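Visitor: show me how the following folds:
(chains A and B)
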Amino acid sequence: MLIKNAIVCDVDGEREVDVRIENDLIVEIGKGLSDSETVDAQGAYLLPSLIDLNVRLKDSQLNSKSITAVAQEAKQGGVGHIVLNADSTPAIDDEVVLEFAQNSIKTIDDVQVDLMLNALKEDMTLSNIAILLKKGVIAPYMSTIAKNNIAIKIAEYVQMYGVTLFCKAEDNSLINAGVMLDGDVSSRLGLAGIPELSEVLHVSRMIEIARYFDIKILFKSIASPRSVELIAKAKEEGVDVACEVSLHHLVHSDEACEGFNTTAKLNPPLASKNDMTALCEALKNGLIDTLTTLHQPNSPVNKEVAFYDAAYGCEALSDALPLYYTKLVKSGLLSMRELLKLTVENPAKNIALQAGKIEVGERADLVLFDISKKYKVKNQQSLYNGEELVGEVKSI
Amino acid sequence: MQHLIRTDDFTKAEIEALLADAKSFSDGRFERILQDKLIITLFFENSTRTKSSFEIAAKRLGAEIVHLDVAKSSTKKGETLVDTAMNLDAMGPHAIIVRHQNAGVPKILSNHTKAAILNAGDGAHAHPSQALLDLYTLQEHFGDVSGKKIAIIGDIKNSRVANSNIELLTRFGMEVILVAPPHFLPKTDLRSTHYLREIIDEVDAIMSLRTQTERHSSQSYASLKDYASDFCITEELIGDRDIILLHPGPVHRNIDITDAMLEDERCKVLQQVSNGVNIRMAILKKLIV
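Guide: The predicted structure follows:
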């Protein structure tokens, strides 16, 4: 198959060339190529498909139906590779659950689905990290609700296996007390708040663990600019840490919770307006390593309830590429090339892969993205419901 | 359909008209203008005074009032608030008076009902009828309240009464000063202090709040006694100053206010309760006549 007239964009930049694909591989790139099977992609971008390292299943229920659904949504949004969060029910913390999840994934062919393992079992003891890693889990995940003695043991496993630790920085005693960021909006709404310190304290603590054990940590869905600052400073000092931020935290502040909008009830909670601006600055300054849609779908029975009772999360995966493009590229925050670094190249590095280049010999994990098209989001569970987004994803 | 979820649902002109209605009701001038109207009360959280106050208000104006026993009926897990709202609405009430321990529930119900929703207190969010009766009581004493200073004292962060009063009283030109330990102080642009002595010589009114121990998920102060050692309104603090004292009730004696101050004529707590009925009559008239 030959894709003609597309603007080919990867992490190295943009160029107008034709791309020939055979057996899922890129076999030729050049001008004026011809083929019997040609796709005329005039005006569209040809991009590497996105990688999202922080995807959850509907109501966090681990079953084959919800895995199939989420893979479908990923494909729609131009995301070719997703990593499922390990904090599902049941959690991926033993071999039986892992084998069940892997069997469900086997049936999915057009999206790559990978799994994290939950390093902490429900009783706060260690899961069989070595066995689960050898059975094909892509990364260990831990919440900082782990006490230091356990966190250190996890770090030692991570050191031995040379993987990246996916770490959610949060304070057990503080997250359970609130339902949104502690601030003037939470006061006005009369909702109990989670202090920003909940995350910052544990980022600081885990940086020391990364430094001490010389391991790599990816901080998941960071919401505080102070955390980003701490991570950037640690990098300068040679500590191998990185930070992931969700699109929502760059676009929406805690004001989105006004009117008790449960769609804006996210974990981590949306930051204050000033902090959201600071996160965007950090993004422009290259201090954020990976982006995620923080996709966390819920049934209405878990969302159309009191803000206190509502489940955390919103849907975004099926609109991923149009959302990133409209909110970050079209708005001038990032170039397309920079977006691909944050959504393809850097996420891949954290799961020991290389991706983001359109070159001869690479796998053809590509999407066409037509920015002359627009559509309106129709999804009650999306923070962008009713908004017009630019771009249409076509899989190849 | 107009609802009353927060004080800012009503314009200043609407509130002035409402206060004037309450005044004429307090003089005994009212008729059964709510005859043939059905009002449902839905109290998910215990309340004696607010519920009775609304019931008396509704009956004085001739309305039928039905109390739904929440403990025995709906809103168990498995039903959304949209379901609850639509089921209640199907009974054909003209107004639903709701109290809920969770902030935002009346607002969500109001998105899905034809009946007027009247918020009788939701979590730490809003208690508009209380703030309106507080404003009425302040006006009764001062006439024009504009330019007067009021200190709100206590667990402001967890108080729906404080939230509604801050919005309403500042809109009517009062300077609101918040007095609380850091534990109970919200992030705010308003003037605030931890020390009563800093403001006692300049305020015209004090609103003391009940410490909302039931809304604290974990220990937030060593003890009520420890709190009272700094924030109880005492006769020594007030002295012979010209300050009136308000409290939404129920008063925690000798924690919020001392026995002696409660008996002082500058304390308007019982006046607030009487005014409450008239204000709630005026609210019902505005929403469903």
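Visitor: how about the secondary structure of A:Leu46?
Guide: strand (DSSP: H, G, I helix; E, B strand; the rest coil).
Visitor: hmm, it is touching A:Glu14, no?
Guide: No. A:Leu46 is beyond contact range of A:Glu14, at 10.0 Å (criterion: CB atoms under 8 Å). Where C-beta positions appear, they are placed from N, C-alpha and C, glycine not excepted.
Visitor: overlap of the contact sets of those two?
Guide: Residues touching both A:Leu46 and A:Glu14 (CB atoms under 8 Å, 6 or more residues apart in numbering or on different chains): A:Ile7, A:Val8.
Visitor: these two - which one has more neighbours?
Guide: Shown here are A:Leu46 and A:Glu14; by other CB atoms under 10 Å in any protein chain shown, A:Leu46 has more neighbours (24 against 13).
Visitor: beta-bridge partners for that one, please?
Guide: A:Val8, A:Leu368 (DSSP bridges).
Visitor: contacting residues for the nearest residue to B:Glu202 once chain neighbours are set aside?
Guide: Closest residue in space to B:Glu202, ignoring its immediate chain neighbours: B:Lys149 at 5.9 Å, by CB to CB, 6 or more residues apart in numbering or on different chains. Taking CB under 8 Å, 6+ apart, we find B:Lys149 in contact with B:Met174, B:Glu175, B:Ile177, B:Ile199, B:Glu202, B:Val203, B:Asp204, B:Ala205.
Visitor: so what's B:Lys149 bridging to?
Guide: Going by DSSP bridges, B:Lys149 is paired in beta bridges with B:Glu175.
Visitor: just give the closest residue to residue 125, not the sequence neighbours.
Guide: All of this is about chain A. Nearest non-adjacent residue to A:Thr125, counting by CB to CB, 6+ apart: A:Ile150, 7.6 Å away.
Visitor: wrong one, I was asking about chain B
Guide: Take B:His125 and drop its neighbours on the chain: the residue closest to it by CB to CB, 6+ apart is A:Gly190, 3.0 Å away.
Visitor: neighbours of the one you found, how many?
Guide: Neighbour count of A:Gly190, defined by other CB under 10 Å: 28.
Visitor: contact partners for it?
Guide: With contacts defined as CB under 8 Å, 6+ apart, A:Gly190 is in contact with B:Ala103, B:Gly104, B:Asp122, B:Gly123, B:Ala124, B:His125, B:Ala126, B:Arg160, B:Asn163.
Visitor: of those, closest to A:Tyr325?
Guide: Nearest to A:Tyr325 among those, counting by CB to CB, is B:Gly104 at 33.4 Å.
Visitor: pLDDT score for that closest one?
Guide: With respect to pLDDT, B:Gly104 scores 96.
Visitor: what residues does chain B put near chain A?
Guide: Residues of chain B lying near chain A by CB under 8 Å from any CB of the partner chain: B:78-82, B:100, B:102-105, B:107-108, B:122-126, B:157, B:160, B:163, B:186-189, B:217-218.
Visitor: which parts of the stretch 151-289 of chain B are strands?
Guide: Under the criterion DSSP state E, counting those that start in this stretch, strands of the stretch 151-289 of chain B are mapped to B:175-179, B:192-193, B:205-208, B:244-246.
Visitor: likewise for the stretch 201-350 of chain A?
Guide: Using DSSP E, counting those that start in this stretch, the strands found in the stretch 201-350 of chain A span residues A:216-219, A:241-246, A:290-292.
Visitor: quick one: strands adjacent to the longest one?
Guide: The strands that strand A:241-246 pairs with in its sheet are strand A:216-219 (parallel), strand A:290-292 (parallel) (by DSSP bridges).
Visitor: can you list contacts of it?
Guide: The contact list for strand A:241-246, computed with CB under 8 Å, 6+ apart, reads A:53-54, A:164, A:207, A:210, A:216-223, A:227-228, A:231, A:234-235, A:266, A:279, A:283, A:287-294, A:346, A:350.
Visitor: give the contact list for residue 278.
Guide: Just going to use chain A. Counting by CB under 8 Å, 6+ apart, A:Ala278 touches A:Pro225.
Visitor: you looked at the wrong chain, it should be chain B
Guide: Going by CB under 8 Å, 6+ apart, B:Asn278 touches B:Ala22, B:Lys23, B:Phe25, B:Ser26, B:Ala57, B:Tyr136.
Visitor: can you do 10 Å?
Guide: B:19, B:21-27, B:30, B:53, B:57, B:60, B:133, B:136 (CB atoms under 10 Å, 6 or more residues apart in numbering or on different chains).
Visitor: now it: how far from B:Phe30?
Guide: Using CB to CB, to the nearest Å, B:Asn278 is found at 9 Å from B:Phe30.
Visitor: check B:Glu202 too.
Guide: To B:Phe30, B:Glu202 is 39 Å away according to CB to CB.
Visitor: those two: which is more packed in?
Guide: Ranked by neighbour count (other CB under 10 Å), B:Glu202 and B:Phe30 place B:Phe30 first, with 19 against 12.
Visitor: what pLDDT does the more buried one get?
Guide: pLDDT, B:Phe30: 91.
Visitor: does it count as helix, strand or coil?
Guide: The local conformation at B:Phe30, judged by three-state DSSP, is coil.
Visitor: hang on, it packs against B:Asp21?
Guide: Yes. With contact defined as CB atoms under 10 Å, B:Phe30 counts as touching B:Asp21 (8.8 Å).
Visitor: touching both of those two, which residues are there?
Guide: With CB under 10 Å, 6+ apart, B:Phe30 and B:Asp21 have common neighbours B:Asn278, B:Met281, B:Ala282, B:Lys285.
Visitor: and those, which of them are in helices?
Guide: Counted as lying in helices by DSSP state H, out of the shared contacts of B:Phe30 and B:Asp21, are B:Asn278, B:Met281, B:Ala282, B:Lys285.
Visitor: burial check on the last one, number of neighbours?
Guide: Just to be clear, that refers to B:Lys285. By other CB under 10 Å, 18 other residues sit near B:Lys285.
Visitor: can you name the residues that contact it?
Guide: Contacts of B:Lys285 by CB under 10 Å, 6+ apart are B:Leu18, B:Asp21, B:Ala22, B:Phe25, B:Phe30, B:Ile33, B:Leu34, B:Ala57, B:Leu61.
Visitor: not counting residues beside it along the chain, what's closest to the last one?
Guide: Pointing back at B:Leu61 there. B:Leu34 (4.0 Å).
Visitor: strands of the stretch 1-150 of chain B, start to end?
Guide: Here the stretch 1-150 of chain B has its strands, by DSSP E, counting those that start in this stretch, at B:38-43, B:64-68, B:95-100, B:116-122, B:149-153.
Visitor: in JSON lines, list those strands along with mean pLDDT.
Guide: Formatted as JSON lines, the strands of the stretch 1-150 of chain B follow (pLDDT from 0 to 100):
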{"stretch": "strand B:38-43", "mean pLDDT": "95"}
{"stretch": "strand B:64-68", "mean pLDDT": "93"}
{"stretch": "strand B:95-100", "mean pLDDT": "96"}
{"stretch": "strand B:116-122", "mean pLDDT": "97"}
{"stretch": "strand B:149-153", "mean pLDDT": "98"}
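Visitor: tabulate those in JSON lines, adding columns for distance to A:Glu156.
Guide: Putting those into JSON lines (distance: least, CB to CB, whole Å) gives the following:
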{"stretch": "strand B:38-43", "distance to A:Glu156": "55"}
{"stretch": "strand B:64-68", "distance to A:Glu156": "58"}
{"stretch": "strand B:95-100", "distance to A:Glu156": "49"}
{"stretch": "strand B:116-122", "distance to A:Glu156": "49"}
{"stretch": "strand B:149-153", "distance to A:Glu156": "53"}
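Visitor: A:His81 is in what secondary structure piece?
Guide: Assigned by DSSP states H and E, A:His81 falls within strand A:79-84.
Visitor: who are the packing partners of that strand?
Guide: Counting by 3 or more CB pairs under 10 Å, 6 or more residues apart in numbering or on different chains; DSSP states H and E, the packing neighbours recorded for strand A:79-84 are strand A:50-55, helix A:64-76, strand A:112-118, strand A:139-143, helix A:320-324, helix A:346-349, strand A:366-376.
Visitor: and it, which residues are buried?
Guide: A:Val79, A:Gly80, A:His81, A:Ile82, A:Val83, A:Leu84 (16 or more other CB atoms under 10 Å in any protein chain shown).
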